[in-house]
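Peer 1: no sequence on hand, only this structure:
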């Protein structure tokens with residue numbers, strides 16, 4: 001995990017911690033860099049509504065990609081790291097456990 005300057009997050013965000021109009025609870029603090037375009041979006045619905053192309057999942061073979069942004073501290077996590085934790089390893093911000101229900105929308109599931 002590395003803390004870097006905050007990447008730009010596309011879509012209808014509602015605050016600077018990556019919450020969007022679709023998911024805005026205190027735990028909704030991640031953005032995903034989509035495999036199809038390399039851009040960060042708060043959720044699959046934001047991508048569907050604002051990108052000009054269909055989403056593509058990250059292949060299992062690319063789980064070492066830093067594709068998850070913590071909206072609290074701007075740390076970037078590998079896909080593997082994100083899928084194994086319930087909170088940001090850098091700042092401790094809790095992630096929404098309900099996001100696991102959407103895993104297959106972002107990442108290929110073996």
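Peer 2: Received, thanks. Every value quoted in this text rests on a predicted model; they were computed, and no experiment measured them.
Peer 1: do a quick rundown of the strands in this protein.
Peer 2: With DSSP state E, the ranges of strands along the chain come out as 2-3, 30-33, 40-41, 66-70, 75-78.
Peer 1: for residue 84, see how far away residue 95 is.
Peer 2: For residue 95, the distance to residue 84 equals 11 Å [Cβ to Cβ, to the nearest Å]. In this view, the C-beta of every residue, glycine as well, is placed from N, C-alpha and C.
Peer 1: neighbour count: these two, which is higher?
Peer 2: The residue with the greater number of neighbours, taking residue 95 and residue 84 and applying other Cβ atoms under 10 Å, is residue 95; the counts read 21 against 10.
Peer 1: so what's the residue count around the closest residue in space to residue 8 that isn't next to it in sequence?
Peer 2: The shortest distance from residue 8 to any residue other than its chain neighbours is 6.9 Å, reached at residue 40 (Cβ to Cβ, 6 or more residues apart in numbering). Residue 40 is flanked by 25 other residues according to other Cβ under 10 Å.
Peer 1: residues in contact with residue 40?
Peer 2: Listed by Cβ atoms under 8 Å, 6 or more residues apart in numbering, the contact set of residue 40 reads 7-10, 18, 31-34, 69.
Peer 1: out of everything not next to it in sequence, what's closest to residue 106?
Peer 2: Counting by Cβ to Cβ, 6+ apart, residue 106 lies nearest to residue 32, which is 5.1 Å off, once chain neighbours are set aside.
Peer 1: okay, the one you found and residue 16: tell me how far apart.
Peer 2: 17 Å.
Peer 1: who has more neighbours, these two?
Peer 2: Between residue 32 and residue 16, counted using other Cβ under 10 Å, the more crowded position is residue 32 (27 against 11).
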